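K.L.:
return atomic coordinates for the entry below.
(one chain, ligands or ions: 3)
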Amino acid sequence: MNVEDTFQRRLRNLRISVTDRCNLRCAYCMPEEDYVWLPREQILHFEEVSALADVFMDLGVDKIRLTGGEPLLRRDVDGLIRLLAAKPRLRDLAITTNGVLLAEQARALKAAGLHRVTVSLDTLRPDRFARLTRRSNHAQVLAGIGALPAAGFTGTKLDTVVMRGVNDDELADLIEFGKTVPAEVRFIEYMDVGGATQWSMEQVVSRAEMLEVLGRRYGRIEPVVEESTAPADRYALTDGTVFGIISSTTEPFCASCDRSRLTADGVWYLCLYAQSGVDLRGPLRRGVSRDELTQLIADTWKRRTDRGAEQRLRLRDRTPLVQIGRLREDPHLEMHTRGG
Ligand code: SAM
Ligand code: SF4
Ligand code: SF4
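P.N.:
Ligands and ions are numbered 1, 2, ... in the order given. Down below sits the predicted model:
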């Protein structure tokens, strides 16, 4: 069964955060050192995640991405991957990771049935990495990326949040690095989501500006024409190298958004910018039937009106979405809790 929301957008793509914890402190996501963490007893067990995934799949979800926080910090995450990979209706099972623990886990992730890996990589320079993440694991991240081909992974992506004056002079270097992995690099516009409490429009490098800079270096850049609800618009260089740009801030793609997010404690969010979500852990742990859960999720999706990034675009004098005080009161507003 497929369900559509009020803008005829199908429920299709589910991001599951498996932990709100992280071993980095990226300035655009976790600018503080310490956080209000989700209580451990509320974190869904793998069997609970698997049961919810079944319900979502009954309603048309066929793509799942594990995220966090840092998903590789969740103990035995390959066990969850094994449960999910065994579901025949799942067409795509991916993970987004900061790569720190990837070298040691890549083979186990592949053996468990994971299809694809996206690694977040904002810079090739160790000193910048240390400033941006307030940790010194850059070499581990590069080793993690390097371990993917030998573990049997193809279709790897590298995601870079581009920030003015921070890493916007590395676009071409990252594309060149991507060729050696091999991996497709995707540049993400800096977003004013929860957690990005120091965001400002001046630091956003727009898609148009990125294309201009890359055009000066590479000459002709052709858009890749394709039918897709994926957030990245893809472009090809004359040598055939393809890269993507996710223009979530200046040219949002809410009109075709089929994504929703499940937090590690089982709260379901219909939009990255949504201020509240639907608790699925409660009903699940009370033992409601699968039909009742299906009904709850379907009815919620059918009422969905979210177009968060488009609404943000219409604001004048745009400031960060939430301030630190609110994030402490409701950690679900954090990007590292909601899952990017
Ligand atoms: N820890 C993992 C990682 O970094 O890949 C997974 C979770 S992280 C929240 C998922 C993605 O969200 C990362 O690629 C990160 O760069 C992105 N992200 C976080 N805050 C962002 C922001 N303010 N603007 C744009 N992207 C952001
Ligand atoms: Fe950085 Fe990802 Fe951790 Fe956020 S969750 S601080 S983006 S590594
Ligand atoms: Fe989808 Fe919300 Fe992002 Fe728009 S802002 S693309 S509706 S998650």
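K.L.:
residues from the chain in reach of ligand 2?
P.N.:
Selection of the chain residues close to ligand 2 by CB under 6 Å from any ligand atom yields 22, 24-26, 29-30, 68-70, 98, 120, 336. C-beta coordinates here come from the backbone N, C-alpha and C atoms, glycine included.
K.L.:
now with 8 Å, please.
P.N.:
22-26, 28-30, 68-70, 96, 98, 100, 120, 133, 161, 195, 335-336, 340 (CB under 8 Å from any ligand atom).
K.L.:
just the buried residues from those residues, in PyMOL please.
P.N.:
Burial among these is assessed by 16 or more other CB atoms under 10 Å; the matching PyMOL selection reads:
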select buried, resi 22+24+25+26+28+29+30+68+69+70+96+98+100+120+133+161+195+335+336+340
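K.L.:
restricted to helices, list the residues of the chain next to ligand 2.
P.N.:
Applying DSSP state H to the residues of the chain next to ligand 2, the entries found in helices are 133, 335-336.
K.L.:
show the contacting residues for residue 162.
P.N.:
Contacts for residue 162 were tallied using CB atoms under 8 Å, 6 or more residues apart in numbering; they are 168, 171, 187-190, 205, 210.
K.L.:
stretch 144-152 vs ligand 1: in contact?
P.N.:
No: legend: contact between stretch 144-152 and ligand 1 by CB under 8 Å from any ligand atom is lacking; minimum distance shown is 11.0 Å.
K.L.:
go through that stretch and flag the buried ones.
P.N.:
In terms of neighbour count (16+ other CB under 10 Å), stretch 144-152 has its buried residues at 144-145, 147-148, 151.
K.L.:
now the residues you listed in TSV, with pLDDT?
P.N.:
Putting the buried residues of stretch 144-152 into TSV (pLDDT from 0 to 100) gives the following:
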residue	pLDDT
144	98
145	98
147	98
148	98
151	98
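K.L.:
out of these, which is nearest to residue 312?
P.N.:
Distance to residue 312 across those (CB to CB) is lowest for residue 145, with 31.7 Å.
K.L.:
roughly how far apart are the closest one and ligand 3?
P.N.:
Distance of residue 145 to ligand 3, given as CB to the nearest ligand atom, to the nearest Å: 26 Å.
K.L.:
what sits against the nearest residue to that residue once chain neighbours are set aside?
P.N.:
Computed as CB to CB, 6 or more residues apart in numbering, the closest residue to residue 145 that is not its neighbour in sequence is residue 119, at 5.3 Å. For residue 119, the set of contacting residues under the criterion of CB under 8 Å, 6+ apart consists of 96-99, 102, 141, 144-145, 148, 156-159, 183.
K.L.:
is residue 119 bridged to anything, and to what?
P.N.:
Here residue 119 shows beta-bridge partners residue 97, residue 158, assigned using DSSP bridges.
K.L.:
give me the pLDDT for it.
P.N.:
The predicted local distance difference test score for residue 119 is 98.
K.L.:
where does the stretch 101-250 of the chain get nearest to ligand 2, residue-wise?
P.N.:
Shortest the stretch 101-250 of the chain-to-ligand 2 distance, computed as CB to the nearest ligand atom: residue-wise this is residue 120, at 5.9 Å.
K.L.:
with the stretch 201-340 of the chain instead?
P.N.:
Of all residues in the stretch 201-340 of the chain, the one sitting closest to ligand 2 is residue 336 (4.0 Å; CB to the nearest ligand atom).
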